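1. can you look at this prediction? I've put the sequence above it.
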Amino acid sequence: MCETLKRTDDMVNNYLKSREINRLEKSWDIRLSKLGGRGIFAKRDIYPGEVILVDSPIIIGPRARSDSSEICVNCYKRDDLVKCSKKCGLPVCSVKCENSDAHKKECRLINSWKKEDSDYSNVTSELLRCLTPIRSLFLNENDKNLVKLLKSHSDPKHGFEVDILKEKFNFTLGENEEIFLRFVCSVLDANAFEVVVGNETRQSALRGLYPLSSLVNHNCSPNTTHIFDNKQRMIVRATVFIAKDTEIFHSYVRIIWGTLTRRYLLYLTKHFACDCERCRDPSEFGGNLSGLKCQSCSSVALPVEPLQLKCDWKCTSCGQIIPENRIALIFSVLGSRVQNIDEANNVEEMFKFLDEKLAQLVAPTNQIAVELKYKLVWILGYSPGYLWKELSLEYLERKEAICRELLELLSRIKVGQCKMRGLLLYELYLCQQEKERRGLIETIEINNNEDESKSYNTKRDMKNIFDEAVDILTFDVGAAEEIKNNWKKADVFDLWVFGYGMCQLIAFLRLMVGIFQMITFTLIAIERLISILYYKEEKKIEFSFYLTTIIITWVMSTTIASLPLAKIGNYIYDTTCTSCELDWKMKPGSQTGFNVSVLVLGGFIPILLM
Ligand SMILES: C[S@@+](CC[C@H](N)C(=O)[O-])C[C@H]1O[C@@H](n2cnc3c(N)ncnc32)[C@H](O)[C@@H]1O
């Protein structure tokens, strides 16, 4: 490992230790990425759903967007806000929050910057935009050094928060303070995450800098998803199988955006041109998020050169070309229509636009249609006039159909068990539950070979849908109460206390002894059988027979139980964290193969022979 990587690794590890979040087995490494700079890589095979890392914010606070709603600067609630009585201009929700140590510090600092005893109560929202970088001034030296190691953008537009502080508030900042603040702003722009706090019904969004997660590069089909727990910790989990030495990726943009939008925003905000496999594929693995409807043959037209900002679209069936200038016109007209409909929040209008205008012009999975459908998922069942019990059967069925359609799209774009999948599965489950309440649920068994969306349509599958949603959304602070009540663990650090190595050893011994016993019983049964069948003949079983069978028993049980240690198969903690055993979830093919072989060789065959 080169010197800089080693330094980053040491500092990140010390940081995790200082926040007491280094208790997970370390399944990742910091290495040089071929995308440029550092990246995080899998140190071993990682299975879908596994928690890869937990990170804690080194700086957290309000977002920099001018349209963000006001929040209490201490507990981040949005209700009962008043201005701090010390006239710093920041909102708090109670005397307790005003008197908290964290707020007192920043209140004092802001008041020390003022030129005269001015009151900033009427410019609170501007001040809130600048608060997160201001908080970096309270970091200790180690934390400041860690922030200095993170990626920063050199573009002068980063650091507008400092300009606001100087120009709007006339604050007097020290020279070093200003340089550091500007640097922190550019680090935040390059690395910060939107953090969700609050519960299912009342959430706020913050801006948090997570040092370890800041080293994770972007891919438009990411292999991880992240959620935030009630301590604002970020929990990063694998969404798909990640083979050893593979780079670990987040998506910095919404996964349901089309290539043009994703690449444009990545370029604008993160200053790189993504050329991942999904970006290079005009159909985005068959997701057709950029697809337009060909006006000649009604098939799908896709971009000819998806990595170009401007290019023609071509019909995949008849080859008809839609020129680039027409594409720009279609998107700008549709975009502004969607915005108007969005603001009106009118369900009838939304469906009309989807069924009439969009159906004529774009593919059903075009980004514009998909965003509108996703929005409808959160209106139907939740907005006044459309609450679950008030929903017409037509709207209930449409919501269900949309959930299935979007789930199918997520599978196509290879994003595995991402958070959006968890949310959609739960909404699908709620649709089924409402239909069941109305006595409408179908109980027929549906052939599993039929397409994925249909296989959800049985009563039996409701439980599977719910269980998968619970699995994906475990630890998410914003998850519905019903989901929270079904988490198997209360906290991500409810771990097998004896560590990863001990887990492997215990699971190895359990499997070895299990197989050993089954084979031994089989041999004893065979030996008894021979003795009974040939009791009249003075035929003796040779000593070598016993010796050979004992050796075979040891070798076979030890070999089979060793395979997961060599990563053919896998041993993991069980869900209650009281024991370790084979991973029976059987997700990747190799795991299924291994588990089935164990059952056959160590179970069925010995029992049959007995
Ligand atoms: C959050 S940082 C990721 C870690 C960064 N590589 C480092 O060394 O600190 C984001 C920056 O990494 C680079 N990056 C991330 N994903 C990339 C990708 N897919 N292609 C090219 N550059 C990427 C860009 O410079 C981006 O602004």
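-> Now that the structure is in, tell me what you want to look at.
2. mind pulling up the pLDDT for the closest residue to residue 266 other than its chain neighbours?
-> Once flanking residues are discounted, residue 266 sits nearest to residue 274: 5.2 Å by C-beta to C-beta, 6 or more residues apart in numbering. The C-beta positions use only the backbone N, C-alpha and C, and glycine is treated the same way. The predicted local confidence for residue 274 comes out at a pLDDT of 97.
3. wait, a helix at residue 274?
-> No. When the secondary structure is assigned by DSSP: H, G, I helix; E, B strand; the rest coil, residue 274 falls in coil instead of a helix.
4. and it, how many neighbours?
-> Using other C-beta atoms under 10 Å, residue 274 has 23 neighbouring residues.
5. so it touches residue 262, yeah?
-> Yes. With contacts counted by C-beta atoms under 8 Å, residue 274 reaches residue 262, the gap being 6.8 Å.
6. what touches both of the two?
-> Common neighbours of residue 274 and residue 262, counting by C-beta atoms under 8 Å, 6 or more residues apart in numbering, are residue 220.
7. up against the ligand, what does the stretch 1-150 of the chain have?
-> Residues of the stretch 1-150 of the chain found near the ligand (C-beta under 6 Å from any ligand atom) are 33, 35-39.
8. so which of those sit within strands?
-> Applying DSSP state E to those, the entries found in strands are 38-39.
9. residue contacts, residue 607?
-> When contacts are counted by C-beta under 8 Å, 6+ apart, residue 607 touches 518, 522.
10. would CSV of the residues of the stretch 1-150 of the chain next to the ligand with distance to residue 547 be doable?
-> Formatted as CSV, the entries for these read as follows, by distance: C-beta to C-beta, whole Å:
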residue, distance to residue 547
33, 55
35, 58
36, 62
37, 61
38, 57
39, 54
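11. mind listing what's buried in stretch 80-91?
-> Of the residues in stretch 80-91, those with enough neighbours to count as buried (16 or more other C-beta atoms under 10 Å) are 81, 83-84, 87-91.
12. what distance separates the start and the end of that stretch?
-> In terms of C-alpha to C-alpha, to the nearest Å, the two terminal residues of stretch 80-91 are separated by 10 Å.
13. again, but for stretch 219-229
-> Using C-alpha to C-alpha, the gap from the first to the last residue of stretch 219-229 comes to 24 Å.
14. repeat that for stretch 310-325.
-> Between the opening and closing residues of stretch 310-325 there is a gap of 9 Å (C-alpha to C-alpha).
15. which positions in that stretch come out as buried?
-> Neighbour-count burial for stretch 310-325 flags 311-316, 322, 324 (criterion: 16+ other C-beta under 10 Å).
16. what's the closest of those to the ligand?
-> Proximity of the buried residues of stretch 310-325 to the ligand (C-beta to the nearest ligand atom) peaks at residue 311, which lies at 20.4 Å.
17. for stretch 160-179, which positions count as buried?
-> Along stretch 160-179, these residues count as buried under the neighbour rule (16+ other C-beta under 10 Å): 160-162, 164-165, 169, 171, 173, 177-178.
18. and for stretch 379-399?
-> 379-381, 386, 391, 395-396, 398-399.
19. need the max-distance pair from those residues.
-> 379 and 396 (12.7 Å; C-beta to C-beta).
20. which pair of the buried residues of stretch 80-91 spans the longest distance?
-> The most widely separated members of the buried residues of stretch 80-91, counting by C-beta to C-beta, are 81 and 87 (15.4 Å).
21. okay, strands next: where are they in the stretch 51-200 of the chain?
-> Secondary structure of the stretch 51-200 of the chain by DSSP state E, counting those that start in this stretch: the strands cover 51-55, 59-62, 82-83, 91-92, 193-198.
22. which parts of the stretch 201-350 of the chain are strands?
-> If you assign secondary structure with DSSP E, counting those that start in this stretch, the strands in the stretch 201-350 of the chain sit at 203-209, 217-218, 224-228, 234-238, 247-250, 292-293, 300-303, 313-315, 321-322.
23. got the angle between the helix or strand residue 431 falls within and strand 224-228?
-> Assigning secondary structure by DSSP states H and E places residue 431 in helix 419-437. Helix 419-437 and strand 224-228 meet at an angle of 70 degrees, taking axes from the mean of the first three to the mean of the last three C-alpha atoms, to 10 degrees as the criterion.
24. what's helix 419-437 packed up against?
-> With contacts defined as 3 or more C-beta pairs under 8 Å, 6 or more residues apart in numbering; DSSP states H and E, the secondary structure elements packing on helix 419-437 are strand 224-228, helix 393-412, helix 459-473.
25. may I see the buried residues of it?
-> Of all the residues in helix 419-437, those buried under the rule 16+ other C-beta under 10 Å are 419-432, 434-435.
26. and the contacts of it?
-> Counting by C-beta under 8 Å, 6+ apart, the neighbours of helix 419-437 from elsewhere in the structure are 225-227, 255-256, 377, 381, 388-389, 391, 396, 399-400, 403-404, 406-407, 410, 415, 441, 456, 459, 462, 465-466, 468-469, 471-473, 476, 480, 483.
27. and that helix, C-alpha only, in CSV?
-> Backbone C-alpha positions of helix 419-437 (Å, rounded to 0.1, in the frame of the first residue of the first chain) are rendered in CSV as follows:
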residue,chain,number,x,y,z
LYS,A,419,-33.8,0.9,-0.7
MET,A,420,-36.2,1.9,-3.4
ARG,A,421,-37.0,-1.8,-3.9
GLY,A,422,-37.7,-2.1,-0.2
LEU,A,423,-40.1,0.9,-0.2
LEU,A,424,-41.9,-0.4,-3.3
LEU,A,425,-42.2,-3.9,-1.9
TYR,A,426,-43.8,-2.5,1.2
GLU,A,427,-46.3,-0.4,-0.8
LEU,A,428,-47.1,-3.4,-2.9
TYR,A,429,-47.7,-5.4,0.3
LEU,A,430,-50.0,-2.6,1.6
CYS,A,431,-52.0,-2.7,-1.7
GLN,A,432,-52.5,-6.4,-1.2
GLN,A,433,-53.4,-5.9,2.4
GLU,A,434,-56.1,-3.4,1.4
LYS,A,435,-57.4,-5.7,-1.2
GLU,A,436,-57.5,-8.5,1.4
ARG,A,437,-59.4,-6.2,3.7
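28. excluding residues flanking it in the chain, which one is nearest the residue of the chain found nearest the ligand?
-> Using C-beta to the nearest ligand atom, residue 37 is the residue of the chain that sits closest to the ligand, at 2.7 Å. With C-beta to C-beta, 6+ apart as the criterion, residue 37 has its nearest non-adjacent residue at 6.4 Å, and that residue is residue 151.
29. do residue 602 as well
-> residue 515 (3.8 Å).
30. show me what from the chain comes close to the ligand.
-> For the chain, the contact set with the ligand under C-beta under 6 Å from any ligand atom comprises 33, 35-39, 151, 190-191, 214-215, 217-219, 270-272, 274.
31. just the buried residues of those residues.
-> 33, 35, 38-39, 151, 190-191, 214-215, 217-219, 270, 274.
32. these into CSV, with extra columns for distance to residue 525?
-> Compiled in CSV, those are given as follows (distance: C-beta to C-beta, whole Å):
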residue, distance to residue 525
33, 57
35, 60
38, 59
39, 56
151, 65
190, 67
191, 64
214, 61
215, 57
217, 58
218, 59
219, 55
270, 66
274, 62
